[in-house]
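> sequence-free structure coming up:
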């Protein structure tokens, strides 16, 4: 695993958490959806009586996965921070924190640090070389 891949673990885990949270919200909307009758005529239909139950079960499963991913994200961010803290150059450390702990986009980092985007990329390459990954 490269240094960049190692440091990016928190970013991708955070993206998975956001995706699962959106899926839970969609399931909640589906579970609370009320179908209004458009006609007073009653028609005998065979409804899926277990639709609500299966939706709630899916929501619970997603919520458990989300909770586990959030615990893992906290651990990964802690590990990432410890590694970034070993970098002695303050400029590199700030750049790495903005990118890998705050998940900022390159353009946002350039504005925050008051550098051109090209200079941020150069600094990033140097910063990655300054990182010492733990032995596997």
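Perfect, thanks for sending it. Everything numeric here is computed off the predicted structure, so don't read it as measured data. Numbers count the residues shown, from 1 in each chain.
> name the nearest residue to residue 24, ignoring sequence neighbours.
Sequence neighbours aside, residue 62 is the residue nearest to residue 24 in space, at 4.9 Å (criterion: CB to CB, 6 or more residues apart in numbering). Using the backbone N, CA and C atoms, a C-beta is placed for each residue, glycine as well.
> actually residue 56, not the one I wrote
Nearest one to residue 56, counting by CB to CB, 6+ apart, is residue 31 at 6.2 Å.
> and for residue 100?
Here the residue nearest residue 100, using CB to CB, 6+ apart, is residue 7, at 4.3 Å.
> what separation do you get for the one you found and residue 23?
Residue 7 sits 27 Å away from residue 23, taking CB to CB, to the nearest Å as the criterion.
> contacts only, for the residue nearest to residue 56.
Contacts for residue 31 (CB atoms under 8 Å, 6 or more residues apart in numbering) come out as 52, 55, 56, 59.
> ok, residue 89 touching residue 128?
No - counting by CB atoms under 8 Å, residue 89 sits too far from residue 128 to count as a contact (11.9 Å).
> contacts only, for residue 96.
Residues counted as contacts of residue 96 (CB under 8 Å, 6+ apart) are 7, 84, 87, 127, 131.
> if we can go back for a sec, pick out whichever of residue 89 and residue 128 has more residues nearby.
residue 128 (17 against 13; other CB atoms under 10 Å).
> counting contacts, what elements does the strand or helix carrying that one pack onto?
Taking DSSP states H and E as the criterion, residue 128 maps to helix 117-130. Applying 3 or more CB pairs under 8 Å, 6 or more residues apart in numbering; DSSP states H and E, we find helix 117-130 packed against helix 3-7, helix 90-96, helix 106-113.
> which among these is found nearest to residue 68?
Closest of the helices and strands packed on helix 117-130 to residue 68 is helix 3-7, at 20.8 Å (criterion: CB to CB).
> could you say what helices and strands the closest one packs with?
Using 3+ CB pairs under 8 Å, 6+ apart, helix 3-7 sits against helix 51-84, helix 117-130.
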